[in-house]
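Trainee: With the input below, show me the fold.
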Amino acid sequence: MYPEYFAPHNNLIVPFLSLIMLGMGVTLSADSFLAVLKRPRVIFLGTLMQYTLMPLAAWVVCMALKLPADLMAGVILLGCCPGGTASNVICYLAKGDVALSIVLTSVSTMIAFLATPFLTWLFIGQTVEVDVTGMLVSVVNIVIVPVALGLAINYFFEARIRAVKDVFPAISAAAIVIIIAIIIGTNSGNLEQSGPLVLLAVVLHNGLGLAGGYGAAKALKFSEIEARTIAIEVGMQNSGLSVALAIKHFTAAAALPGAIFSIWHNLSGAFLAGYWEKKPVPNPDKHGRSKTIGNLHH
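Mentor: Model prediction:
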């Protein structure tokens, strides 16, 4: 309704996203990454699906809908980004494995500086010029450096910042809302024409990620909890990163899919979590017998 208040502030997108990544780093510890060594098979599948299914699904959606070059660049870039931090909350609500979700998000985030630029170039390099080196540097500056700084702060000052940690999710939520507002404001003129098409692309992309992640995990005989976790992790992207990279390396229109995805994947994730939360989860206890996890009370 009031795009003029937000459109001029594109320069805030990168700092706000870096703040979100800093918050992610602060909530992690070295133990989070050591957990990878204990569960290599499920970590490998989740990360592989993140960087194969989502880029491929994005490309299929773009071809099927015949998206123009700018929007195609945005959807492909979105598909090549790591998992989003919101997946950890949705995973908790869906009775998934929250620790696994955090590790999957962390691993896909830390290898994004190589995977995201390369895959973006691989899928759209023939259609749109992709500055692979520039994008790699951007991902390092926007993601890797803040996350590493957050990890360092948590390691050296854990006792002092314990009370502040609880504030970071609220700060991250506010930051992503502002980022979305800026992108929607910047693209206010394109929304009437492109909005419905972009929304359709986003819904299809997200749906393919959720369904594909769950289906692949079940086909490979992973547990119901692991399958739910992988589905949520694969289907929910770091849309804030795609927005920041689109603005820096493509066009404002290319940032629109990421902005709409930021809204949609939280809605679809919440609906899916609500459905799964009501379904009992068979879970073997330490003796290998099957038991049922009751409803979460929160």
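Trainee: chain center to the lengthiest helix in the chain, what's the gap?
Mentor: Ranked by residue count, the top helix of the chain under DSSP state H comes out as helix 188-219. Helix 188-219 sits 13 Å away from the centroid of its parent chain (C-alpha atoms, centre = their mean, to the nearest Å).
Trainee: Kindly spell out which helices and strands sit in contact with it.
Mentor: Applying 3 or more C-beta pairs under 8 Å, 6 or more residues apart in numbering; DSSP states H and E, we find helix 188-219 packed against helix 40-65, helix 69-79, helix 224-235, helix 256-277. From N, CA and C alone the C-beta is placed, and that goes for glycine too.
Trainee: Specify the stretch among these that is closest to A174.
Mentor: Set against A174 and scored by C-beta to C-beta, the helices and strands packed on helix 188-219 come closest in helix 256-277, at 13.0 Å.
Trainee: Name the residues of that closest one that are buried.
Mentor: By 16 or more other C-beta atoms under 10 Å, the buried positions in helix 256-277 come out as 256-266, 268-269, 272-273, 276.
Trainee: Closest to G83 out of these?
Mentor: H265 (10.5 Å).
Trainee: now for the helices and strands packed on helix 188-219, which one comes closest to G213?
Mentor: When those are ranked by proximity to G213, the top entry is helix 224-235, at 3.3 Å, counting by C-beta to C-beta.
Trainee: So, low pLDDT: which residues of the stretch 151-298 of the chain?
Mentor: 282-298 (pLDDT under 70).
Trainee: so where do the strands sit in the stretch 51-200 of the chain?
Mentor: Taking DSSP state E, counting those that start in this stretch as the criterion, the stretch 51-200 of the chain contains no strands.
Trainee: Show me where it has its helices.
Mentor: If you assign secondary structure with DSSP state H, counting those that start in this stretch, the helices in the stretch 51-200 of the chain sit at 69-79, 86-93, 98-110, 112-124, 132-139, 145-165, 168-186, 188-219.
Trainee: highest average neighbour count across these?
Mentor: Highest mean neighbour count of the helices of the stretch 51-200 of the chain: helix 69-79, a mean of 27 (counted as mean count of other C-beta atoms under 10 Å).
Trainee: mind checking how far it is from the chain centre?
Mentor: On the basis of C-alpha atoms, centre = their mean, helix 69-79 is displaced by 15 Å from the centre of the chain it belongs to.
Trainee: any residues touching that helix, and which ones?
Mentor: Surrounding helix 69-79, the residues in contact under the criterion C-beta atoms under 8 Å, 6 or more residues apart in numbering are 54-59, 61-62, 67, 116, 119-120, 123-124, 127-128, 194, 197-198, 201-202, 205, 237, 239, 242, 245-246, 250-251, 253-258, 261.
Trainee: Tell me which residues touch M49, please.
Mentor: So M49 contacts G212, G213, A216, I230, V234 (C-beta under 8 Å, 6+ apart).
Trainee: The second one contacts R228, doesn't it?
Mentor: No: in terms of C-beta atoms under 8 Å, G213 does not count as a neighbour of R228; the distance is 9.2 Å.
Trainee: For V26, give its distance to V103.
Mentor: 16 Å (C-beta to C-beta, to the nearest Å).
Trainee: ugh, wrong one, I meant G235
Mentor: 17 Å.
Trainee: and what of N88?
Mentor: Per C-beta to C-beta, N88 is found 10 Å from V103.
Trainee: how about the helices of the stretch 51-200 of the chain in CSV, adding distance to F6?
Mentor: Conversion of the helices of the stretch 51-200 of the chain to CSV gives the following (distance: least, C-beta to C-beta, whole Å):
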stretch, distance to F6
helix 69-79, 18
helix 86-93, 21
helix 98-110, 27
helix 112-124, 26
helix 132-139, 22
helix 145-165, 23
helix 168-186, 3
helix 188-219, 9
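Trainee: out of the ones you listed, nearest to M21?
Mentor: helix 145-165 (3.9 Å).
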